[in-house]
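fold the following and give me the result.
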Amino acid sequence: MGSKQDKRSFAAQTPDTGKDSSSRSSDPRKQSPHREKKSGKASSASVPTSSSSDRGLTFLFVITELVTTHIFTDSWGQPGPPDTSHAYLTEQERPSGVMRYDNGIVTAAADQCAWMRDDISRVGSINYMVDHEPRVAVTYSQGAVFSCNPLMPFAMVKTDPSVQETYYHGELSGQTEDHKWQPLRFFAPLGADRTPTGVSQAVFSSSLTAAHIGGVPRPFVAGRHASWLGKLVPTTYDSPLSNAPRSAGLGGELTILLALMTFTAPVEMDCISRAHTVFLNHNARWRYGKWLHNDKTGGWTRSVEERPRGVLVTVSLDPWNPQGSTREKLSNFEFFGSPAIREG
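You can find the predicted model right below:
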């Protein structure tokens, strides 16, 4: 299945100077059709002014709505994500537009960056321009999350299932644990006194950081009375432990957290509108480490009769902020600092 040339362009802004070129250049690389559309000029707050100093934590990300031809049904009749990459229509996938997390707020970065695939059969990436030449931002993490049904709210995999083969049970020749579908799980980190902190960390089973810390991810959150339970995460995941500490927030792997946030927007919205509603508008739901949306979530799959819906999340290092956007700092943000969503 071949790809068509897609001659879209985006602002030729270089990370080295942070200045926009007055001219625009088409990306000469091959892309599949129906790729990311420009979402308008980014606000001045999203335009980096310097790359010579640490601007604090920043990273780029994009949410891509996955389109499937059929679903997988297990032996119990529960629907889930497809078990083959051939069931995905990458030429019809719908990206949100690239966004930038910048010290607690999210701004649009579509004038500087674009989500692209060299070919519809290859893993995609966030690209940007330097001297009218396309460059690829370093991918920090990538994963897919599906909202399935109330009995299995979420299924996730730490790769791009639209171009990589995935599996449910047993082993798939040549594939790792990252290619295995798994339910949403939470890690409960311990404090210096070796008691639970109350922070819930959403993780993949293959998380090396969680494994290094110790402990086993569990199918329920770490703390009681979480303010985001029932809003960002279904109450199915409430802790059954009577001695669980009071919730101190939600953290963990960014690909999972960003997907969970996306699923709070109404299912009727397209991916661009959903991203704008959740991350970008004046009533953005995630700002400065707080989850601010208290209404009923509209994007979860609420019945086994509904088709599971999935998104692919790509998180990349910010080339405009090489000192403040590193693998180490993103890992610290996920697992060791204040959680991405705090209580109170």
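
flag the shaky bits of the chain, pLDDT-wise.
1-54, 170-175, 207-215 (pLDDT under 70).

residue boundaries of the helices in it?
Under the criterion DSSP state H, the chain contains helices at 208-213, 254-262, 271-275, 327-335.

now render those as TSV, adding distance to residue 169 and mean neighbour count.
C-beta here means a position set from N, CA and C on the backbone, and glycine is covered the same way. Written out in TSV, the entries for the helices of the chain read as follows (distance: least, C-beta to C-beta, whole Å; neighbours: other C-beta atoms under 10 Å):
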stretch	distance to residue 169	mean neighbour count
helix 208-213	21	14
helix 254-262	21	25
helix 271-275	30	22
helix 327-335	28	17
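
dump these into a markdown table; add distance to residue 123 as well.
Below are these laid out as a markdown table (distance: least, C-beta to C-beta, whole Å):
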| stretch | distance to residue 123 |
| --- | --- |
| helix 208-213 | 20 |
| helix 254-262 | 14 |
| helix 271-275 | 19 |
| helix 327-335 | 18 |
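
among the ones you listed, which is nearest residue 97?
Residue 97 lies closest to helix 271-275 among the helices of the chain, at 5.9 Å (C-beta to C-beta).

so what's residue 240 closest to, chain neighbours aside?
What sits nearest to residue 240 in space, not counting adjacent residues and going by C-beta to C-beta, 6 or more residues apart in numbering, is residue 220, at 6.3 Å.

quick one, what contacts residue 339?
With contacts defined as C-beta atoms under 8 Å, 6 or more residues apart in numbering, the neighbours of residue 339 are 199, 201, 248, 249, 250, 251, 289.

leaving out sequence neighbours, find the closest residue to the fourth one.
Just to be clear, that refers to residue 249. Setting aside the residues directly before and after it, residue 249 is nearest to residue 339 in space (C-beta to C-beta, 6+ apart), at 3.4 Å.

can you give me phi and psi for that neighbour?
phi -60, psi 150 (degrees, to the nearest 10).

out of the helices of the chain, flag the one nearest residue 120.
Using C-beta to C-beta, the helices of the chain put helix 271-275 closest to residue 120, at 17.4 Å.

so which elements touch the closest one?
The criterion is 3 or more C-beta pairs under 8 Å, 6 or more residues apart in numbering; DSSP states H and E, and the helices and strands that helix 271-275 contacts are strand 58-65, strand 94-95.

what helices and strands are in contact with the first one?
Right, strand 58-65. Counting contacts by 3+ C-beta pairs under 8 Å, 6+ apart, the secondary-structure elements packed against strand 58-65 are strand 94-95, strand 99-102, strand 113-116, strand 125-130, helix 254-262, helix 271-275, strand 309-317.

which strands and helices sit next to the third one?
Read that as strand 113-116. Packing partners of strand 113-116 (3+ C-beta pairs under 8 Å, 6+ apart): strand 58-65, strand 125-130.

packed most tightly, which of the ones you listed would that be?
A comparison of the helices and strands packed on strand 113-116 by mean neighbour count, using mean count of other C-beta atoms under 10 Å, puts strand 58-65 on top with a mean of 25.

next one: that one to chain centre, how far?
6 Å (C-alpha atoms, centre = their mean, to the nearest Å).

which strands border it, and is each parallel or antiparallel?
strand 94-95 (antiparallel), strand 99-102 (antiparallel), strand 309-317 (antiparallel) (DSSP bridges).

follow-up on the earlier one: for residue 186, which of the helices and strands packed on strand 113-116 is the nearest?
Comparison of the helices and strands packed on strand 113-116 against residue 186 by C-beta to C-beta identifies strand 58-65 as nearest, at 21.2 Å.

now the closest one against helix 254-262, angle please.
Our comparison of strand 58-65 with helix 254-262, counting by axes from the mean of the first three to the mean of the last three C-alpha atoms, to 10 degrees, yields an angle of 60 degrees.

which parts of stretch 150-162 are buried?
Residues of stretch 150-162 classed as buried under the neighbour-count rule (16 or more other C-beta atoms under 10 Å) are 152, 153, 154, 155, 156, 157, 158, 159, 160, 161, 162.
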